[in-house]
Structures are given as C-alpha cells and as structure tokens.
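Chemist: Sequence below, structure please.
(4 chains)
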Number of protein chains: 4
Amino acid sequence: DAPLTLIAGPCQIESADHARRMAETLVGVCADLGLGLVFKASYDKANRSSLKGARGVGLDAGLRVLSDIRAEFGCPVLTDVHDAAQCAAVAEAVDILQIPAFLCRQTDLLLAAGATGRVVNVKKGQFLAPWDMANVADKVASTGNRRILLTERGASFGYNMLVSDMRALPVMAATGYPVVFDATHSVQLPGGLGTASGGQREFVAPLARAAVAVGVAAVFVECHDDPDNAASDGPNMLPIATMRPFLARLMALDRLTKAA
Amino acid sequence: DAPLTLIAGPCQIESADHARRMAETLVGVCADLGLGLVFKASYDKANRSSLKGARGVGLDAGLRVLSDIRAEFGCPVLTDVHDAAQCAAVAEAVDILQIPAFLCRQTDLLLAAGATGRVVNVKKGQFLAPWDMANVADKVASTGNRRILLTERGASFGYNMLVSDMRALPVMAATGYPVVFDATHSVQLPGGLGTASGGQREFVAPLARAAVAVGVAAVFVECHDDPDNAASDGPNMLPIATMRPFLARLMALDRLTKAA
Amino acid sequence: DAPLTLIAGPCQIESADHARRMAETLVGVCADLGLGLVFKASYDKANRSSLKGARGVGLDAGLRVLSDIRAEFGCPVLTDVHDAAQCAAVAEAVDILQIPAFLCRQTDLLLAAGATGRVVNVKKGQFLAPWDMANVADKVASTGNRRILLTERGASFGYNMLVSDMRALPVMAATGYPVVFDATHSVQLPGGLGTASGGQREFVAPLARAAVAVGVAAVFVECHDDPDNAASDGPNMLPIATMRPFLARLMALDRLTKAA
Amino acid sequence: DAPLTLIAGPCQIESADHARRMAETLVGVCADLGLGLVFKASYDKANRSSLKGARGVGLDAGLRVLSDIRAEFGCPVLTDVHDAAQCAAVAEAVDILQIPAFLCRQTDLLLAAGATGRVVNVKKGQFLAPWDMANVADKVASTGNRRILLTERGASFGYNMLVSDMRALPVMAATGYPVVFDATHSVQLPGGLGTASGGQREFVAPLARAAVAVGVAAVFVECHDDPDNAASDGPNMLPIATMRPFLARLMALDRLTKAA
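Modeler: Model (predicted):
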C-alpha cells in the first residue's frame, strides 16, 4: 500500500498566473509534508449547470498553462477531457487524463483516452453503482493501457444532492485499480443554486477523513485562494490557506490505516 | 393541447431491412389508430454498459436507413447524437435530434444540436432534478432554436434502478416545451445484468398510462419483433405485436385527460 | 374490478363539529357522483415532526366523533391505530383500522389489528420495497383476517422528499389485496418546514390521476375547508371545495382503465 | 472529547447462557483494550421482516438476563423498547433505553423513555434527514432528561438497501448530544432475503473506521460466536472472535481523530 497521494488544484484555470500561484502554494505545502502531489485544473467546464457559468480558457491556452506548471514545478498534472478528439493533444501536455463522471460510459472517449498510454482517471457517474465501474475500466483496459484510476465523487440521492457511499471504495478497489476519493464534488449540491451548483464545503474534511480511514490511494480536493469568488465550484472548494493542517491530518490517518 | 404523439421504433438499427420492417409495422398501426408517429432508431449505442454490447451500424449507414424510411413512409424520424461534430450530418437525414440522458448537460452538444434548426429532444439525466431542465433547455434555446422537447426517462433510485417521478412531467411542462415520457428507459435496470442493463418490460404499460393521465405531449416506446433477441435494451422493449392495443388504450386516456 | 372508492376526510379530528361538516360535504359530493366513500380522520397524530404539532382530540373523544358520523351519514369510517392496546376499542367504532407507515412492520400492532376482524389498511413504510408488503400482509392474515388493504404513500427519495413509484401499485396488487393510493402523504415533504412537514398540494391531482390510470381500488385524499390553517398536513391537503371536479375526473379515468 | 465507547452484543438474547457468554467475551476484550463497553441485546424483535423470524425471549426473561449480566460484569447494559408501557420496567433493569429507528418519531414512546431518567439512545429513522433528529431529541429533552444519544444506522437508498451518509454524524453532533454510529444495521439489506433482511458484513469494518475518523462518541456493533446461525441479523453481525483487532484499530483511529 503506497502512501496517500493528493490530487489538487483549482476547479478551472482562471488565468495562467492564478493557476501558477495555486500550483506554487500546493507544491510548497506538499514538499513540506512529504506528500505526493498531482496538480489538477480544467481548461474547459463543458457541462456547467447553465450557460451563465464560465467555461474556461480553452484547450490550447489551458494545455500551455498545465505543461508550464509541470515544467516549472516538476509535478505531474491532470486535466479532464470531454471528447475523443481531444485526447491525443491533451496527452502531450498532461500526465493523467480524467474522464468526467457524466461521460464515464462514453465508449469512444474511454478508448481514446486509454489509447494515449497516459494514466486515465475515470470518475464514477452519479448514476452508476460502484460494481459497474469494472465494465468501465475494462473499456479502457481493452486498449492495452492498464494505468487506470477510479474515482468516487458521490451518488445521486434524491434531487440536487449526492451521498458518498464509503462502500464504493472497497468495491472499486476490488478491480485492482487504485481508488481516488473526490472530496470536493462529493459535497456538490448539483443545480442547487438555480443556475449553478451549490456545495457543502464544511463536509469536505470529514468525508476525506472517512475515505482515508477506509483506505484510498489518493484524495482529490479542489482549492482556491478565494473560493467564494472562484469561477466555478466555489461553494465546495477549500481555501488554499487551510490545506496544510487538513492534509497533515489525512496523512496521519493514512499511515495508521495502511499500517494495519 | 394537441393529441398524443408516439415516438417508437427499435432501440438500434440492427439492419436496413429490420428497421424498415419495424417502421412499416408501426406506420400501419398508427395509420389505423390515427396516431402521429415519429420513427426512432439509433445508429450508434455510444455508452453501452460494457464493451461486449453491440454498438450499431454506424453514422453513415444509419442515416441512410433513416432517410430511406422517412422517404418511403413519409413519417418524421428521430435519432440520437453523441458528439457536436455529428449534428450537422444527422440533421440532414432526420427531423429530431435526440440528446442522450448522460449527455444532457454537455453544452457544446446542446448548442450544436440547437444550431441545426431541427427539433431537439433532450432526455433528462438520471442525475438531474426536473426543474434543472430549464437551464438545459435554455442552452438549446440560446441558439435561437426553440423547437425543444424534454423527456423524462427515470431518476436514479439507489443502485441499478430508476424511478419514474410523475411530478417531473408538470415540472418540465412549466418550461413551455412539450414533454415526452420515455416508458422504455424508465424501466431499465442500469447495469443490472452485470455486463448489460436489465429491464422490467411489465411496467412499460402501467407507467405509460400513468404519464398520459398526468398529461404529456408524446410517449416514447421502443419495440421489436423479437425483443428477447434484440441487440440492445431487449428486456425493456415491447413486442411490436402488442403495440396496437397498448396504443389504443393510451389514446383513449389521452383524449380523456386533455378533454378535462 | 370494482369501481374506485374514495377514502377522504381531514387529517385530524379538529372538533366534532368540524369533522361532521367535512363528512357532510364529502357525503353530499360522493352521493351526487355515485362514488363510494370511506370517511377518514385521526384522533391522535402520534408521530408529529416536533412536539409543537397538535396531537388531536384523543381516543375517546375521537371515536365518539367517528361513530356519530357513521351513524348519521351511514358511511364507513377509517382511523389509524398506533398501539396494539387501542385496536379493540377502535374496532368498535370504525370499519377500517389503518396502520401508519412508520409502524407497518410492528408485528404486535398488525396482529392486534387483524384480530379485530375489521378491515386493516396498512400503509407501506417510506423505507419499504413494495414487494416486502407481502410479508406485512401475511402478518395480518395470520390472524385469519384477510380483509386487508395495502396503501402506497411514497418512498424515501433523498432527504425531506418522497417519490411515488407507480410500479408499487401492480407489485402490491399481486398479493391479491386491494391497493390504495394515498395522494396526500405521497406529496409530503417530511420535516421540510423545520418543525413540521411541508407538502406539494399541486401534485395531488396529477399523482392521483396517474395511480388511477395504472389501476387502484381506492384513492386516499385528505381535504379541509381551510387547509392553510389546518392543524396538520395543511400543505398537502386539498381544499374541500375543489373535490368535486377532481373526483369526477378520477372516476372517468377509473372507468376507462377498468374497461380495458 | 471523551474516548470512543463500544456498544456491542448479540442482536437478540437467544438464551441466558448465550448472552452471558457473549458478555463475558466482550468484557474481557474491552478490559484488555481499555475500551468502555455497553452490553447490548434485545429481548424482543418487534418488527421482523416476516412472521417467520424469531421474536426473542420476551420482556421478563430478557430483563433478568440483562440485569444479571450487569450485576456479574459491572458493565452498563442497553436494550430497545417498543412501547411506552414497557419503559418503566425496562429502566429498572438497564442503563440505556434504545428507541428503534422505525419508532423514532413516536412521541409517546420518546416521552416515556425520557421520563425514566435513563439514558435514551434514539436511532435515526431510515426515512429521516439527520437535521430532523433535533426535533426528535427535543421530544425526549422536554421531559427534563437530556441524557440523549443519537445513532446513525443508514438512510433508505432505493429499495432493500441503505446508505451511510457520514455527513449525518457532524449534523447530529451539532445538537450537542453524543453521536453513535451503528455499523451493523447500516449494512443491512432490509427485506433483501425475501422473508428476512440480508446484510453485508464485509462493510462493517470499513464503515466503522470511516465513522470514527469523522468523529463519534461510540460505535455500535453486533457480534455473535456463530453469526451465520444467529436468530436474527446474522448476515451483518461480526464473529465475536474477530472483535479484538477490529476494536484495537478503531481505538487507534479514535485517538488520532480526537487528538487533532
């Protein structure tokens, strides 16, 4: 059992400068803590609740930002892909291609992502049972690429709310692929603000602790220097200034859990 | 309140001949009954539970089949699109572009479908509250195209099961767009067969009656001459031989409902 | 298939005079329409959201009110029981003993109700699958009393909301016992007002129509001359003045459904 | 933050001897570990899925067993009450009166339990939102008795399955009352075996770890020397022989969590 890894960054690339500053802060905190970091940011929010939501800087600008961050800080970077046609270009700039939850059953996208040879992180759809992720992983693995991560990010629970079923973590781990717990999107209140999704930031830390105590390979947490004014997912992002004690606590829990 | 319309056909185009025979039967039944028909069939099943599921005949062959049916029988045809890049080509061959439920928040796809000027039928995601479909419709309408249909096809209810919330019908109708009840996919048991989705065919008729008594513009029902050997969605398709009495009953309910 | 029966009345007996007036109005409307009526009212609301909610007039006063109504108007009456010890006394005053949803698995209560020989109407728990009502009915039937009704009143759907799964109606009907659709409590928003349950009165009529089009023996609807000032369940009771057209429409749907 | 307490024992009192042996084993393990123990066992299973399920030894015999165990081993004991009339007698024999989840809104039962002055442990209904437990606790506290525990034991999630929402733990803790996580009933599959509830014993340990890492006052776990042949809840009880390492791990997690 390898020690916990962190996948973190702002929801979207708001600007080259902002993304770089977020990466710099996270790299510093993780170096201090001895925690492996994958920097995460999106170049395109392709499925916002409404048209009013900011889409992002776009593919070309976004990939430049991410590859610059990778070059400057030497940390792996992750971003999401929305279309089979994007996968090859994205794979040149990033280390991990992420399949959004709504798209986790789109065969062509899974095959294209797998074919790049990069690590593929598939988020479990809010509509999917955890045991059904084995079929999803098989689609990626059919390309010969078995560098797959499976991410829990909440299951539909009535309307405008998700629930984090911690059973999903061992169920998905039974596939043999590393499992990630996305503590940010698990506390989304989808569509809960009318034309945007709300969120319950106060539950990010307890749910992340719960997942680490169950046992996960990585935790995914979005953070921002000013979440309440972020371009997207503000209600469920953590203030970046609070990350250090939060992460230290997760690492201690992870050591205890994996020592057992 | 216009009388009920039927959207029907096999889940996928299994062959030109099979699709044509299904269309011929449905056209005959609907002509006898005086029921408006939109013929439906898919050229690509892009999000099968597993790789083992048949994908379909593909875009070019599929569109040829659909436009031939439209030409021969004079009925409008509907098919689903999975990618913004497909929309223009599909719009040349069919009357209604359908957005699959998993993709109902993909902005680019909604905009591309809207931009064709064709009718756009958006299936409500299994993860979406009915009131959130107003934002989805707004995305399509932002193209200037207000020829929009909104379809209820079940909401996630625990794992591997959907529930049809009949409240969704009036909630979505409050947008002003016609509402469709998809009686076939509402009885899916997603992933319920391990590497395929199960279904509860026995509930297609009662749920369709319920929806018509609530009040809908159209009912969507997949049917097949041999559903148990169909390439996809067999467990929830109706045998085409049973369609006539089923439809006659819905029409009587619809007349009574809309007379009130 | 016997024609539809109505179970109706105010949520609770607010006073002898109020209950009598509600009964008088309902008896008049149902006589005009040719609709069988069971008058319903509760003498004790034993499970209010909070202590602040009014409990009701109590057992003795309540049973007197109900038996007076039965004597004056000649209609059967129904009330709920909460405790095995109450069943015998209640059975002397009323025709149908109702088991509240939260109590549908309490064996002693089911046995005591069954032992009275009166009709027993068991509401399906919000936490119970419809097929599990066969075990519940078996408990009652073990007393030798097979005069059992099974009522759908919504299933838990996330927090503070229920969903009406219309599949539950045929599933419960497969037991052979008559099935009732409770259109009032199905639109409750349990606990939704903080210290009381909210409700969605606007969905009572469409859900009742849906249930009748699926096919039920009876519809259960609470009504009140001034629901917004009722002692309980105001947000989901219908104004009694609106009952006539609502019921006429259900009866027409029922005739059509049962003629098929 | 007081250290973690354990509430444990067999689901029901199968015999005086069996209950005594289970208590003896648990007392020994907990003494070794330095873990506070409340011994739990039921004298009556009042809401079995079907009549076929064993009910238990009954009130008088059960209370004798429990008070003997309390006297012999000096540990507090807990049992559930189903009826207001039972509370006074039960309170003489046990330290904690437990309100079953189905009955958590029954006002008379809550008041009678509160009036005994004993600790009252209310299990959150499968149909209840965690914030609605404040109203439930207020009912008990209205008696002047504020020795209240609130227990999470799973929320309805579709049919025949529960989900453990770890957010419920801090939400209920905001009432100021200690919160318990019931790891046994949270993994029940209610009604899942047709005439009995199934269970997922393999998830008891991960869910208990998750809850402890979130932070709870106590964990509730049923255990048995031969769970597969137990009179009730066998599929979700832990073998008592496996308790020691399981509890040691929870204690370490608890120390780490409460040190933060």
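Chemist: what's around the closest residue to A:A141 other than its chain neighbours, how many residues?
Modeler: Spatial nearest neighbour of A:A141, excluding adjacent residues (C-beta to C-beta, 6 or more residues apart in numbering or on different chains): A:I148 at 6.5 Å. No exception for glycine: its C-beta is placed from N, CA and C like everyone else's. A:I148: 24 surrounding residues under other C-beta atoms under 10 Å in any protein chain shown.
Chemist: Please name the residues that touch the single nearest residue of the stretch 1-150 of chain A relative to chain D.
Modeler: In the stretch 1-150 of chain A, no residue comes nearer to chain D than A:A129, which is 10.0 Å away by C-beta to the nearest C-beta. Contact analysis of A:A129 by C-beta atoms under 8 Å, 6 or more residues apart in numbering or on different chains lists B:159-160, B:190-191.
Chemist: In JSON lines, list the residues you listed along with neighbour count, pLDDT and distance to chain C.
Modeler: Converted to JSON lines, these look like this (neighbours: other C-beta atoms under 10 Å in any protein chain shown; pLDDT from 0 to 100; distance: C-beta to the nearest C-beta, whole Å):
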{"residue": "B:Y159", "neighbour count": "22", "pLDDT": "97", "distance to chain C": "14"}
{"residue": "B:N160", "neighbour count": "20", "pLDDT": "96", "distance to chain C": "13"}
{"residue": "B:P190", "neighbour count": "24", "pLDDT": "92", "distance to chain C": "15"}
{"residue": "B:G191", "neighbour count": "25", "pLDDT": "89", "distance to chain C": "19"}
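Chemist: Would you mind checking which of those is nearest to B:I99?
Modeler: For those, the residue nearest B:I99 by C-beta to C-beta is B:P190; the value is 17.9 Å.
Chemist: you'd agree that closest one is up against A:W131?
Modeler: No. Using C-beta atoms under 8 Å, B:P190 makes no contact with A:W131, being 11.7 Å away.
Chemist: The closest residue to A:A230 other than its chain neighbours: neighbour count?
Modeler: Leaving aside its sequence neighbours, A:A230 sits nearest to A:H224 (C-beta to C-beta, 6+ apart; 4.6 Å). When neighbours are counted by other C-beta under 10 Å, A:H224 registers 23.
Chemist: A:H224 pairs with what?
Modeler: Bridge pairing for A:H224 (DSSP bridges) gives the partners A:P239.
Chemist: Per-residue pLDDT of it, please?
Modeler: Looking at A:H224, its pLDDT is 97.
Chemist: How about A:T195?
Modeler: pLDDT, A:T195: 85.
Chemist: Near it, how many other residues are there?
Modeler: Using other C-beta under 10 Å: A:T195 sits among 15 other residues.
Chemist: now do A:N229
Modeler: 9.
Chemist: re the thing from before, could you check how far the residue of the stretch 1-150 of chain A closest to chain D is from chain C?
Modeler: Shown here: A:A129 relative to chain C, a distance of 17 Å by C-beta to the nearest C-beta, to the nearest Å.
Chemist: and if you look at A:L189?
Modeler: A:L189 is 11 Å from chain C, by C-beta to the nearest C-beta.
Chemist: show me what contacts that residue?
Modeler: A:L189 neighbours (C-beta under 8 Å, 6+ apart): A:160-162, A:197-200, A:235.
Chemist: related to what we said a few turns ago, can you read off the backbone torsions of the residue of the stretch 1-150 of chain A closest to chain D?
Modeler: phi -80, psi 150 (degrees, to the nearest 10).
Chemist: Same check on the one 5 residues further on?
Modeler: As for A:A134, its main-chain torsions (degrees, to the nearest 10) stand at phi -60, psi -40.
Chemist: Skipping its backbone neighbours, what lies nearest it in space?
Modeler: Counting by C-beta to C-beta, 6+ apart, the residue nearest A:A134 is A:T175, at 5.2 Å.
Chemist: Okay, and the one you found sits in which element?
Modeler: According to DSSP states H and E, A:T175 maps onto no helix or strand at all.
Chemist: residues in contact with it?
Modeler: A:T175 neighbours (C-beta under 8 Å, 6+ apart): A:133-134, A:137, A:150.
Chemist: now with 10 Å?
Modeler: Applying C-beta atoms under 10 Å, 6 or more residues apart in numbering or on different chains to A:T175 gives the contacts A:130-131, A:133-138, A:141, A:148, A:150.
Chemist: now do A:V216
Modeler: Counted by C-beta under 10 Å, 6+ apart, A:V216 has contacts A:4-5, A:151-152, A:166, A:169-170, A:172-173, A:178-181, A:208, A:210, A:250, A:254, A:257.
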